[in-house]
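# Sequence and predicted structure are below.
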Amino acid sequence: MAEKWIVRDRYGNEIYLTAERWDHILEYHPELEGCLDHVLDTLKKGRRKQEPTMPHKHRYYRRCDELLPDHITLS
């Protein structure tokens, strides 16, 4: 069975991140290696912005001082 992490965002929405998706994220953003906890916190506590052309898609972002640039944005 594939590993996945399930969190609730600050708006009460359930979000899951599969190990396969996490691997895909790391492929394009290797600077996030070792930052899974920060990413999950971004999903839980970060702000959310809806994509104007895709109403079902949202970007989550949150400040993260351990990274350059100093934030995490997820879509």
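Structure's in. What do you need?

# From now on I want contacts and neighbour counts done on CA atoms only, so please keep to that.
Will do.

# all helices for this structure, in order.
Secondary structure of the chain by DSSP state H: the helices cover 19-28, 36-45.

# can you count the residues close to Arg63?
15 (other Cα atoms under 10 Å).

# Could you give the bridge partners of it?
Here Arg63 sits in beta bridges with His71, going by DSSP bridges.

# For Arg21, see how far away it is.
The gap separating Arg63 from Arg21 is 22 Å, by Cα to Cα, to the nearest Å.

# could you redo the helices of the chain as TSV and give each row mean neighbour count, mean pLDDT and distance to His56?
What follows is the helices of the chain, written out as TSV (neighbours: other Cα atoms under 10 Å; pLDDT from 0 to 100; distance: least, Cα to Cα, whole Å):
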stretch	mean neighbour count	mean pLDDT	distance to His56
helix 19-28	13	93	18
helix 36-45	19	93	16
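
# Of all the ones you listed, which one is nearest Val7?
Closest approach to Val7 among the helices of the chain (Cα to Cα): helix 36-45, 6.3 Å.

# And the closest one, what does it pack against?
With contacts taken as 3 or more Cα pairs under 8 Å, 6 or more residues apart in numbering; DSSP states H and E, helix 36-45 sits against strand 4-8, strand 54-63.

# got a list of contacts for it?
Applying Cα atoms under 8 Å, 6 or more residues apart in numbering, the external contacts of helix 36-45 come out as 7-10, 15, 60-62, 64, 72.

# Out of those residues, which comes closest to Pro52?
Distances from Pro52 to the contacts of helix 36-45, taken by Cα to Cα, are shortest for Tyr60, at 14.2 Å.

# these two touch, right, the closest one and Tyr11?
No. Judged on Cα atoms under 8 Å, Tyr60 makes no contact with Tyr11 at a distance of 11.6 Å.
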